[in-house]
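Undergrad: need coordinates for the below:
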Amino acid sequence: MIKLDGSIIIQMINFLILVWALNYVAYRPIRGMLAKRKEKVQGLESGISQFESDAREKASAIEAGIKDAREKGIKMKDAMAEKARQEEQAMLERINEQARKDLEEIRARVSRETEEVRVSLQSQIEFYANEISKKMIGRAV
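TA: Okay, the predicted model is just below:
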């Protein structure tokens, strides 16, 4: 059977001293280390989140740069294609103009040669007509 006497008060005091000593020697330093560890983990987590947000910003900046570069490339390609079309058109116009000039020269030369042949033949028509009539009639006309 348990007797309640003055030793229970001593045991209570002894228990309180033990709790205070354990708190001072063991629990407080452990809680301090846990608090420091928690702060460090939170600092690392915030650093990680900062790095992640920086990485996302840099990735979006890179994507925007790539998009801008593609747009510039497309614009440059279109400008070069347009310039090439204009140069092609100008070249075709020069070629067509030269062809027209050449054709006019050829027509003029053919016309001159035709006229020269006509004049040449005109002078010979009379001779050939006399020769044909001589052969047909059998005497000179």
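Undergrad: what is the burial count for Glu93?
TA: Neighbourhood size, Glu93 [other CB atoms under 10 Å]: 10. C-beta coordinates here come from the backbone N, C-alpha and C atoms, glycine included.
Undergrad: in which helix or strand would I find it?
TA: Glu93 belongs to helix 28-137 when assigned by DSSP states H and E.
Undergrad: got a list of what the residue nearest the centre of the chain touches?
TA: With distances taken as CA atoms, centre = their mean, Arg70 lies nearest the centre of the chain, 2.3 Å away. Listed by CB atoms under 8 Å, 6 or more residues apart in numbering, Arg70 has no contact partners.
Undergrad: and the gap between it and Leu92?
TA: As for Arg70, its distance to Leu92 is 32 Å (criterion: CB to CB, to the nearest Å).
Undergrad: distance between stretch 48-68 and the chain's centre?
TA: 19 Å (CA atoms, centre = their mean, to the nearest Å).
Undergrad: kindly report the same for stretch 112-130.
TA: On CA atoms, centre = their mean, the centre of stretch 112-130 falls 72 Å from that of its chain.
Undergrad: and for stretch 29-45?
TA: Counting by CA atoms, centre = their mean, stretch 29-45 is centred 50 Å from the centre of its parent chain.
Undergrad: quick check: which ranges of the protein have low pLDDT?
TA: Applying pLDDT under 70 to the chain flags the ranges 1-2, 139-141.
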